[in-house]
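S.K.: Just to be clear, the model below is a prediction. Sequence and coordinates:
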Amino acid sequence: MAFEKISVIGLDLAKNVFQLHAVDEAGDVIIRRQLRRNQLLQFFEKLPRCLVGMEACSTSHYWARELGRQGFEVKLMPPAYVKPYVKRGKNDAADAEAICEAVTRPTMRFVPVKSCERQALLMQHKTRDLLVRQRTALINALRGHLAEFGIVTSQGRLGLRAAIEALSAAQEFLPEPSWQPFEHIRKQLEELTHKIAELDRIILRWCRNEAAARRLMTIPGVGFLTAAAIAASVGDATEFKSGRQFAAWLGLTPRQNSSGGKERLGRISKQGDRTIRRLLVVGATAVVRRARLDAASFPWIARLLGRKPAKLVSVAIANKTARIAWAILTRMENYRFATT
């Protein structure tokens with residue numbers, strides 16, 4: 001059968017209809033066809049075990065695990081790295097052919113396949129971020145509605161507490177039609193706060209039981225949320241050749257526009273995991289605040305603050321923290337403070 005000659009398969013994923021492109025060792029096309037979702041695994045059972053390439057997306061890790069159980073070698077690639085191999089036009093067949101071509105390139109960078117456990121932990125982070133955004137929207141709505149009645153409070157946690165207290169004190173002066181909407185907002189804020197706290201406890205419990213997360217929490221500016229996100233996203237830190245490559249994967253390195261031997265470095269690329277990058281920058285901002293109060297403990301940060309803006313220093317610290325995190329994960333050591 002012609003199927004026995006297949007050596008590489010490019011699979012373009014979708015919700016219901018998948019496009020498959022298979023070639024032999026000489027690059028000749030063996031199969032071009034569409035498959036429904038419920039036909040995919042049954043069809044692959046008939047194929048010889050070979051290399052399968054897919055673009056990394058939300059469902060790609062599931063299919064990679066399923067095909068891996070059948071004995072296939074599955075490799076995931078960032079969609080941006082596959083796009084240059086699309087010859088002309090945009091359709092599923094062209095995308096599958098480009099995936100089949102890109103997965104064989106020796107310089108291609110691949111995305112590690114996440115396990116179910118790691119995806120479940122990252123789901124907790126994403127759910128927490130969703131609840132925090134919903135709580136922020138409710139707080140803004142509460143402050144905005146109170147301002148329409150002349151009650152103005154400051155931003156932040158203290159401002160929220162002041163808004164709740166002002167709402168309780170001024171309820172008898174507010175029009176009756178506003179009582180129920182304000183009560184709905186207050187109850188939803190309480191419920192969201194409890195749910196966020198519950199997720200925090202679950203993530204903290206996981207960090208205490210995970211050796212890699214405990215080591216990461218010894219780094220200044222890295223709390224349990226950042227440690228859990230890094231430990232869950234980075235299964236094997238040795239997949240990165242250096243700390244700089246890990247920082248570049250997070251989008252914390254300068255974007256280059258160099259040519260003719262002249263290096264031109266711009267702002268950070270912001271390509272990569274947004275959640276980890278945001279957590280690292282927030283943690284670095286806390287380190288900057290501490291350095292301003294205790295310059296002797298952070299002399300290099302104090303010197304940097306004397307020359308650069310605080311936000312730029314925070315990003316520089318986040319970049320350095322990412323490199324330290326890579327070193328700790330690869331060497332399996334705790335963070336050591338400088339003795340001099």
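M.R.: Looks like it arrived, so ask away.
S.K.: Give me the residue at the spatial middle of this structure.
M.R.: Against the mean C-alpha coordinate of the chain, by CA atoms, centre = their mean, the closest residue is residue 273 at 3.4 Å.
S.K.: how about that residue, phi and psi?
M.R.: For residue 273, the backbone dihedrals (degrees, to the nearest 10) come out as phi -70, psi 110.
S.K.: Equivalent analysis for the one 5 residues further on, please.
M.R.: As for residue 278, its main-chain torsions (degrees, to the nearest 10) stand at phi -60, psi -40.
S.K.: I'd assumed residue 248 was in contact with the residue nearest to the centre of the chain.
M.R.: No. No contact is recorded between residue 273 and residue 248 when judged using CB atoms under 8 Å, the distance being 11.6 Å. (Glycine included, C-beta is placed from N, CA and C.)
S.K.: one step back: could you measure from the residue nearest to the centre of the chain over to residue 166?
M.R.: Computed as CB to CB, to the nearest Å, the residue 273 to residue 166 distance reads 40 Å.
S.K.: for residue 227, same thing?
M.R.: From residue 227 across to residue 166, the span is 38 Å (CB to CB).
S.K.: Who has more neighbours out of these two?
M.R.: Neighbour tally, residue 227 and residue 166, criterion other CB atoms under 10 Å: the higher count belongs to residue 227, 26 against 15.
S.K.: contacting residues for that one?
M.R.: Contacts for residue 227 (CB atoms under 8 Å, 6 or more residues apart in numbering) come out as 207, 213-214, 216-217.
S.K.: now it, what's its secondary structure?
M.R.: Residue 227 falls in the helix class when you classify it by DSSP: H, G, I helix; E, B strand; the rest coil.
S.K.: how about the strands in the stretch 51-200 of the chain?
M.R.: Counting by DSSP state E, counting those that start in this stretch, one finds strands in the stretch 51-200 of the chain at the ranges 51-55, 73-77.
S.K.: What's the local residue count around the nearest residue to residue 65 once chain neighbours are set aside?
M.R.: Nearest in space to residue 65, with sequence neighbours left out and distances taken as CB to CB, 6 or more residues apart in numbering, is residue 113 at 6.5 Å. Residue 113 is flanked by 20 other residues according to other CB under 10 Å.
S.K.: Touching, residue 113 and residue 61? I think so.
M.R.: Yes. Between residue 113 and residue 61 there is a contact at 5.6 Å, judged by CB under 8 Å.
S.K.: Need the overlap of contacts for those two.
M.R.: Here residue 113 and residue 61 have residue 76 as joint contacts, going by CB under 8 Å, 6+ apart.
S.K.: Break the protein into its domains for me.
M.R.: By the assignment in automatic domain parsing, the chain contains the domains 2-102, 117-209, 211-331.
S.K.: Any chance of these in CSV with distance to residue 109 and mean pLDDT as columns?
M.R.: Formatted as CSV, the domains of the chain follow (distance: least, CB to CB, whole Å; pLDDT from 0 to 100):
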stretch, distance to residue 109, mean pLDDT
domain 2-102, 6, 91
domain 117-209, 19, 86
domain 211-331, 9, 88
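S.K.: I'd like these as a markdown table, with distance to residue 108 appended.
M.R.: Written out in a markdown table, the entries for those read as follows (distance: least, CB to CB, whole Å):
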| stretch | distance to residue 108 |
| --- | --- |
| domain 2-102 | 6 |
| domain 117-209 | 23 |
| domain 211-331 | 13 |
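S.K.: ok but residue 11 is inside a helix, no?
M.R.: No. Under three-state DSSP, residue 11 falls outside any helix and is assigned strand.
S.K.: surely residue 240 meets residue 249?
M.R.: Yes. Contact status for residue 240 versus residue 249: in contact at 6.6 Å, counting by CB under 8 Å.
S.K.: May I see the buried residues of the top helix by length along the chain?
M.R.: With DSSP state H applied, the helix covering the greatest number of residues in the chain is identified as helix 116-148. With burial defined by 16 or more other CB atoms under 10 Å, the residues of helix 116-148 counted as buried are 118, 121-122, 124-125, 128-129, 131, 135, 138-139, 142-143, 145-146.
S.K.: elements contacting that helix?
M.R.: Contact here means 3 or more CB pairs under 8 Å, 6 or more residues apart in numbering; DSSP states H and E; on that basis helix 116-148 packs against helix 156-169, helix 179-209, helix 224-233, helix 274-293.
S.K.: and those, which is most packed in?
M.R.: Mean neighbours per residue, mean count of other CB atoms under 10 Å, is largest over the helices and strands packed on helix 116-148 for helix 224-233, with a mean of 24.
S.K.: next one: that one to chain centre, how far?
M.R.: Computed by CA atoms, centre = their mean, to the nearest Å, the separation of helix 224-233 from the middle of its chain amounts to 10 Å.
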